[in-house]
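**Q** only geometry, no sequence info:
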């Protein structure tokens, strides 16, 4: 029966084109229709970036992880890519500088030249509606992503050979990933973290002189550095488990809650390793001088409870913010820091720690990524006019060679050494028995002598500072001679 029609579901090919009819029709429908986009919203957002000078609007774009591919028109993609590059370099932004940048990249004709840029800039008079434009651009991009993902899923259905459950799971994952990866304003006031930390504690129990910068609170260290100064990149390095997070949080605590009469400073902590609630609990116990083990063992005294309540009240009023996003690039950190600084003037930023910051391009070698991150940290310190304390790891060389750590032991990149204004290295002296049977580097009880080596200081001396580490409170104190 040569004239018998071929059933649509038979899977047989027609006309020698090797294409099932359903597949052919679907592809034809897509190719004939213009994909979702809104040119006016794209031009409005680009105009807002130019009118705003690359400050608030581009900060919002970076925080929301907006990419050039969000724009439908190729010329708009190139303009936005150029704006992001200028933003990342810290350069001012206007139509003339944008054109100059595009000209150097050989893209002037592709975007339509200065007349096209002026036309875009003239679309609006104020950047007040930038977020509305960005929302529209984002939504249209997501629709285009859904169309592309759906087409790819349809193509894969005709060639599917693997287990059906794994196949469906992969398609579900592809669709789910379309709406993920966006950055929100995740730096939250300390009072929010303290609420959760207080709940955790209850659950466990029940079932000086003014300086141009920020004093550290440590007498000998301040005597050598006169505090941390605006624009400085301060590296605090150590091997794991020596206590660099504890010391950094002591810096943050003293800046936000100074003991000695000088004014409070706003502090932003980027914790890429510990959660905000864990840091808040550590702050409570450290400031109240309560052993966290006593909380876990449910053996705290009334005095302990009173001291913790007082510490919570003090910290609740502290100008301290914690961002515990586990995967952030240096552009993300700069955008978040700028946002917090705009609303609440910062005096100190802490990053824990440098090796956990994500590189913007995962394809390049890790050493180059660290170099980019290091430059970005220094750029953030200069841009915001605040000291940035960034924690870093040391390699194993000092342990292998049985010596004190030095500048060259900074892990993964010499650019950290180059960019830093101050490099401090925490070192626990090797324990060994002396003639009296006492271990060097320790003292009786729960205290331990830790050496802080100032290995580099652009505008001051280098040397060593002795600190006392109180293990039960995970807290550093001035060394008692």
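**A** Noted; the coordinates are in hand. What you see is a predicted model, and the numbers here were worked out from it, not measured in a lab.

**Q** which strand runs longest in this protein?
**A** strand 447-457 (DSSP state E).

**Q** which residues are contacting that strand?
**A** Here strand 447-457 makes contact (C-beta atoms under 8 Å, 6 or more residues apart in numbering) with 221, 224-225, 242-243, 247, 404-407, 417, 420-429, 441-443, 460-471, 476, 479. (Glycine included, C-beta is placed from N, CA and C.)

**Q** against residue 475, how distant is residue 245?
**A** Applying C-beta to C-beta, to the nearest Å, one obtains 12 Å for the distance of residue 245 from residue 475.

**Q** if we can go back for a sec, give me the buried subset of the contacts of strand 447-457.
**A** 221, 224-225, 242-243, 247, 405, 407, 417, 420-428, 465, 467-470, 476, 479 (16 or more other C-beta atoms under 10 Å).

**Q** for the nearest residue to residue 407 once chain neighbours are set aside, give me the pLDDT.
**A** In this structure, residue 407 finds its nearest non-sequential neighbour in residue 455, 4.6 Å apart by C-beta to C-beta, 6 or more residues apart in numbering. Per-residue confidence (pLDDT) for residue 455: 88.

**Q** repeat for residue 363
**A** Reported pLDDT at residue 363 in the predicted model: 79.

**Q** mind checking how far it is from residue 369?
**A** According to C-beta to C-beta, residue 363 stands 10 Å off from residue 369.

**Q** between the two, which one's more packed in?
**A** Higher neighbour count among residue 363 and residue 369: residue 369, with 22 against 7, using other C-beta atoms under 10 Å.

**Q** okay, now the residue nearest to the more buried one when sequence neighbours are not counted: neighbour count?
**A** Counting by C-beta to C-beta, 6+ apart, residue 369 lies nearest to residue 359, which is 3.1 Å off, once chain neighbours are set aside. Neighbouring residues of residue 359 were enumerated by other C-beta under 10 Å; the total is 17.

**Q** tell me the contacts of residue 359?
**A** Contacts of residue 359 were listed using C-beta under 8 Å, 6+ apart, and they are 329, 366, 368, 369, 370, 372, 373.

**Q** could you confirm the fourth one falls within a strand?
**A** No - note on residue 369: no strand contains this position according to DSSP: H, G, I helix; E, B strand; the rest coil, which reports helix.

**Q** ok, it touching residue 361?
**A** Yes - between residue 369 and residue 361 there is a contact under C-beta atoms under 8 Å: 7.3 Å.

**Q** quick revisit: just the buried ones among the contacts of strand 447-457: which are in strands?
**A** Cross-referencing these against strands under DSSP E gives 422, 423, 424, 425, 426, 427, 465, 467, 468, 469, 470, 476.

**Q** from these, which is closest to residue 46?
**A** Nearest to residue 46 among these: residue 422, at 40.4 Å, using C-beta to C-beta.

**Q** do you know how far the closest one is from residue 378?
**A** For residue 422, the distance to residue 378 under the criterion C-beta to C-beta works out to 12 Å.

**Q** so what sits against both of those two?
**A** With contacts taken as C-beta under 8 Å, 6+ apart, residue 422 and residue 378 have residue 233 as neighbours in common.

**Q** output the below-cut-off pLDDT ranges for the stretch 201-350 of the chain.
**A** Counting by pLDDT under 70, the low-confidence segments of the stretch 201-350 of the chain come to 203-212, 258-262.

**Q** burial count for the residue nearest to residue 407?
**A** Here the count is done by other C-beta under 10 Å, and residue 455 has 23 residues near it.

**Q** over to residue 314?
**A** What residue 314 shows, counting by other C-beta under 10 Å, is a neighbour count of 16.

**Q** ditto for residue 315
**A** So residue 315, with other C-beta under 10 Å, has 22 neighbours.

**Q** residues in contact with it?
**A** Residue 315 sits next to 190, 194, 256, 257, 280, 283, 284, 287 when contact means C-beta under 8 Å, 6+ apart.

**Q** so which of those are in helices?
**A** Among these, the ones falling in helices (DSSP state H) are 190, 194, 256, 280, 283, 284, 287.

**Q** of the residues you listed, which is the nearest to residue 341?
**A** Nearest to residue 341 among the ones in helices among the contacts of residue 315: residue 256, at 14.6 Å, using C-beta to C-beta.

**Q** about what we covered before: ok, so of the ones in helices among the contacts of residue 315, who is nearest residue 157?
**A** Using C-beta to C-beta, residue 280 is the member of the ones in helices among the contacts of residue 315 that sits closest to residue 157, with 49.3 Å.

**Q** mind checking how far the spatially closest residue to residue 415 that is not a sequence neighbour is from residue 233?
**A** The shortest distance from residue 415 to any residue that is not its chain neighbour, by C-beta to C-beta, 6+ apart, is 3.9 Å, and that residue is residue 371. Note on residue 371: its distance to residue 233, by C-beta to C-beta, is 13 Å.

**Q** what does residue 223 give?
**A** Following C-beta to C-beta, the distance that separates residue 223 from residue 233 is 21 Å.

**Q** who has more neighbours out of those two?
**A** residue 233 (25 against 10).

**Q** check contacts around that one.
**A** Contacts for residue 233 (C-beta under 8 Å, 6+ apart) come out as 374, 377, 378, 381, 387, 388, 390, 419, 420, 421, 422.

**Q** one more pass at 7 Å, please.
**A** By C-beta atoms under 7 Å, 6 or more residues apart in numbering, the residues touching residue 233 are 377, 378, 381, 388, 390, 419, 420, 421.

**Q** likewise for residue 59?
**A** Residue 59 makes contact with 335, 338, 339, according to C-beta under 7 Å, 6+ apart.

**Q** residue 113: neighbour count?
**A** The local packing of residue 113 (other C-beta under 10 Å) involves 13 other residues.

**Q** one step back: just the contacts of residue 233: which has the poorest pLDDT?
**A** Taking the contacts of residue 233 together, the minimum pLDDT is found at residue 419 (85).

**Q** correct me, but that one touches residue 376?
**A** No - here residue 419 lies out of contact with residue 376, judged by C-beta atoms under 7 Å, at a distance of 9.4 Å.

**Q** circling back to that earlier point, Throw the ones in strands among the buried ones among the contacts of strand 447-457 into JSON lines and include distance to residue 154 and pLDDT, thanks.
**A** Formatted as JSON lines, the entries for these read as follows, by distance: C-beta to C-beta, whole Å; pLDDT from 0 to 100:
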{"residue": "422", "distance to residue 154": "58", "pLDDT": "92"}
{"residue": "423", "distance to residue 154": "56", "pLDDT": "91"}
{"residue": "424", "distance to residue 154": "58", "pLDDT": "91"}
{"residue": "425", "distance to residue 154": "58", "pLDDT": "89"}
{"residue": "426", "distance to residue 154": "57", "pLDDT": "88"}
{"residue": "427", "distance to residue 154": "61", "pLDDT": "85"}
{"residue": "465", "distance to residue 154": "66", "pLDDT": "89"}
{"residue": "467", "distance to residue 154": "64", "pLDDT": "89"}
{"residue": "468", "distance to residue 154": "67", "pLDDT": "87"}
{"residue": "469", "distance to residue 154": "62", "pLDDT": "87"}
{"residue": "470", "distance to residue 154": "64", "pLDDT": "85"}
{"residue": "476", "distance to residue 154": "61", "pLDDT": "87"}
